[in-house]
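**Student:** attaching a predicted model along with its sequence, questions to come.
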Amino acid sequence: MIIPYSPVITPLCGPLAINVYGTCIALALLLCMKLIPLNKRYSQLNLEPYFVSIIMVCIISAVIGGRLLAIVSEPTLYHHWYEWFMIWNGGFSALGSILGVTFGACMYLKKVNLPVLPVFDLMAIYAPLFQSVARLGCLFAGCCYGKQTHSFLHVMYTNKNAIAPHNIALHPTQLYSSVLLFLIFLCMYFIIQKRARYSGQLFLTYFMLASAERFVVDFWRADRIIMKNYFLSFHQIIALIILFFSVVIMFILSKQKKTRS
């Protein structure tokens, strides 16, 4: 697959522009906002009065969390403190966004007296769908690009505005992630949500599957941040930490469920 197109659709003002990456994120958000109210959990939780506010909190938390982890993982890319806030230059971590949404949404849900785990369970069903569509934006922007490959399954960037190296066959890691996340969504929607037995199970299952996806795909990514004296990258270690704590918390919740029963 050859990507000859510019990631920018329409320039607006200065560094601001409408680009494919942002458009895919917007489409992913609109799709999830359309599908979530159709789930019976939505009406059971009486989320309609708070839905838009929850979405806004999630957007802000995702930006903050994604940016913070990006800064922590690659601090040398930011020469001055004010560059931390220049989000139009890129630099976000998907895992950071997931953690940011978790903490931000948790605080807001407690403030409005909504049950945290049941709401998180509902959001977790559609979170991988959001990520799957958003990853297509990464494909056209050239970020999160893969290592060089001689496989017939590759992507090549010819536009100089793309972030990825030009005219080199690369692993389409963005597509790997998009496909895996879509499969996770199908699994969450059609199987796991029907078999969930206690609050938090869907949310923690999503955490485990999403972190496992990032851990696996990272082996083919060319922008890996390898930790000194380690075979794994920074984000793979974060993914393993998320996976470990998700398993521990799920075990605790499962024990509590059995005790109550």
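**Tutor:** Right, received. Where do you want to start? Being a predicted model, the structure only gives us computed values, none of them experimental. Residues are numbered from 1 along each chain as shown.

**Student:** low pLDDT regions in the stretch 151-261 of the chain?
**Tutor:** 229, 261 (pLDDT under 70).

**Student:** which parts of it are helices?
**Tutor:** For the stretch 151-261 of the chain, helices defined by DSSP state H, counting those that start in this stretch occupy the ranges 173-187, 193-195, 201-217, 234-260.

**Student:** deepest in the core, which of those is it.
**Tutor:** Mean neighbour count (mean count of other CB atoms under 10 Å) peaks for helix 201-217 among those, with a mean of 22. C-beta here means a position set from N, CA and C on the backbone, and glycine is covered the same way.

**Student:** ok, residues contacting that helix?
**Tutor:** 94-95, 98, 117, 120-125, 127-128, 131, 173, 176-177, 180-181, 184, 187-188, 192-193, 196, 235-236, 238-240, 242-243, 246-247, 249-250, 253-254 (CB atoms under 8 Å, 6 or more residues apart in numbering).

**Student:** stretch 104-121 now?
**Tutor:** Contacts of stretch 104-121 (CB under 8 Å, 6+ apart): 41, 45, 47, 50, 53-54, 57-58, 60-62, 64-65, 102, 123, 193, 196, 199-203.

**Student:** name the residues of it that come out as buried.
**Tutor:** For stretch 104-121, a neighbour-count test (16 or more other CB atoms under 10 Å) marks G104, A105, C106, Y108, L109, L114, V116, L117, P118, V119, F120, D121 as buried.

**Student:** narrow these to those in helices?
**Tutor:** G104, A105, C106, Y108, L109, V116, L117, P118, V119, F120, D121 (DSSP state H).

**Student:** same list (these) but as CSV, adding distance to H154 and pLDDT.
**Tutor:** Formatted as CSV, those follow (distance: CB to CB, whole Å; pLDDT from 0 to 100):
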residue, distance to H154, pLDDT
G104, 38, 97
A105, 38, 97
C106, 41, 97
Y108, 43, 98
L109, 43, 98
V116, 43, 97
L117, 42, 97
P118, 43, 97
V119, 41, 98
F120, 38, 98
D121, 38, 98
